[in-house]
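Colleague: Have a look; sequence and predicted model below, questions after that.
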Amino acid sequence: MRKTTFAAALAAACGLLSLPALAADNGIYLGASVGQSSVQYDDLNLNFDASATGFKAIAGWRFLDWLSVEGNYVDLGSGDDNVAGEKVKSDVNGVSLSAVGFVPIGPVDLFARVGAINWNADLEAPGLGIKGSDDGTDLTYGVGAQFRVWSLSIRGEYEIFDISNADTVDMFSIGVTWTFL
C-alpha cells in the first residue's frame, strides 16, 4: 500500500510540474538571437561569399496557440571575401515583419515564418575605390523549433532573406524569448 501511494504521489507531482511546460504561452514576447549569416553573389565575373556573426532583436505577439506576428531588427554582420585579389566587405541589416505559424508538440513548437524585410546593404572594396549602398523591401521566410518552459523559450531557426541582386542571404541562429502573460 505504501509503495502504491508513493508511486501515485510521484506521478501526480511529475504531471503537475509538466503542466506549465505543456501550455502554449500566448501573449507579448521579447527576445534575442545570435548566429551565423551568409551573403553570396555569383556572377560570371564576380564570386562573393562572405560569412559573419549576425544577431537579431525579437518582439512578437502570440495571440493564438498556433499564430503570432513578429517584428525583428536583423543585423547580418560585416562579412568580407577576396574577389579578384581585392578585399570586398558587405554589411546588411534591416527590420522585418512576419507571420509565424506554430505546431505545438508538448513543450516543443515547430514553426515557420513568412513576411517582409526592409533592408539596407553596404558594399565596400577599398582597394578598388568602391563604396556603395542599396536598400529595398523583399520577402523573408524560414523554419525553426523552440522549447518552452513556462514563459522562457529557447529557439533555433533558419531564415532566408530574398534580397534582390543577391543569390543567397541567410542566417542560422539560436536565441531566447520571454513571454509576458
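Modeller: All right, it came through fine.
Colleague: alpha carbons only for contacts and neighbour counts from here, please
Modeller: Fine.
Colleague: list the buried ones in stretch 126-145?
Modeller: Neighbour-count burial for stretch 126-145, counted by 16 or more other C-alpha atoms under 10 Å, picks out 137, 139-145.
Colleague: what sits against residue 76?
Modeller: Neighbouring residues of residue 76 by C-alpha atoms under 8 Å, 6 or more residues apart in numbering: 37-38, 52-55, 91-93, 171.
Colleague: and with 10 Å instead?
Modeller: The neighbours of residue 76, taking C-alpha atoms under 10 Å, 6 or more residues apart in numbering as the test, are 34-39, 51-56, 90-94, 121, 169-171.
Colleague: Phi and psi next, for residue 128.
Modeller: Main-chain dihedrals, residue 128, degrees, to the nearest 10: phi -110, psi 0.
Colleague: typed the wrong thing, it's residue 87
Modeller: Residue 87 has phi and psi values of phi -80, psi 130 when expressed as degrees, to the nearest 10.
Colleague: which residue sits closest to the spatially most central residue of the chain, ignoring its sequence neighbours?
Modeller: For the chain, residue 157 is the residue whose C-alpha lies nearest the centre (C-alpha atoms, centre = their mean; 4.9 Å). Spatial nearest neighbour of residue 157, excluding adjacent residues (C-alpha to C-alpha, 6 or more residues apart in numbering): residue 144 at 4.1 Å.
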